[in-house]
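A.B. asks: kindly generate the corresponding structure for this input.
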Amino acid sequence: MTEPIPLEIEVAHAKQLVEGPDEVLLVDCRQPHEHEYCRIDGARLIPMRQLPAEVGSLGSWRERPIIVHCHHGKRSLQVVTWLREQGFPYAQSMSGGIDRWSLEIDERVPRY
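C.D. replies: Purely as a prediction, here's the structure:
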């Protein structure tokens with residue numbers, strides 16, 4: 001029996017997956033103005049409120065890893081819970097969000 005995929009993923013592990021050989025979808029669920037201010041390279045902006053309308057575009061990712069982030073991790077955890085209910089068992093929320101990414105991974109990403 002395999003272990004269930006945790007709802008949250010640490011930023012260091014997220015970085016390893018994003019930079020690894022397998023494709024990973026990095027989703028930024030913040031608002032456009034937040035994304036304009038700072039972003040993680042390669043992240044696809046899908047604001048939380050737009051996700052129900054956009055979920056169809058994620059169909060090819062149902063069985064592949066999706067890492068969702070927001071500012072601190074609260075919104076992304078809600079998004080991941082919803083995505084899992086929609087049949088995306090490999091969706092995970094990046095714990096601490098882009099703020100933690102800035103502190104631990106890439107200090108060039110501005111904090112706010």
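A.B. asks: quick one: contacts for Arg84?
C.D. replies: Contact analysis of Arg84 by C-beta atoms under 8 Å, 6 or more residues apart in numbering lists 7, 91. Every residue, glycine included, has its C-beta placed from N, CA and C.
A.B. asks: per-residue confidence for it?
C.D. replies: The predicted local distance difference test score for Arg84 is 97.
A.B. asks: could I get the phi/psi values of the nearest residue to His69 once chain neighbours are set aside?
C.D. replies: The spatially closest residue to His69, leaving aside those adjacent along the chain, is Met94, at 4.1 Å (C-beta to C-beta, 6 or more residues apart in numbering). Backbone torsions of Met94, given as degrees, to the nearest 10, read phi -80, psi 110.
A.B. asks: before we move on, what about Gln92?
C.D. replies: Main-chain torsions, Gln92, degrees, to the nearest 10: phi -140, psi 150.
A.B. asks: isn't it right up against Thr81?
C.D. replies: No. Contact status for Gln92 versus Thr81: not in contact, 10.9 Å apart, counting by C-beta atoms under 8 Å.
A.B. asks: can you pull the residues that touch both of those two?
C.D. replies: Taking C-beta under 8 Å, 6+ apart as the contact criterion, the common neighbours of Gln92 and Thr81 are Leu7.
A.B. asks: quickly note the distance from Ser60 to Glu107.
C.D. replies: Between Ser60 and Glu107 the distance is 34 Å, computed by C-beta to C-beta, to the nearest Å.
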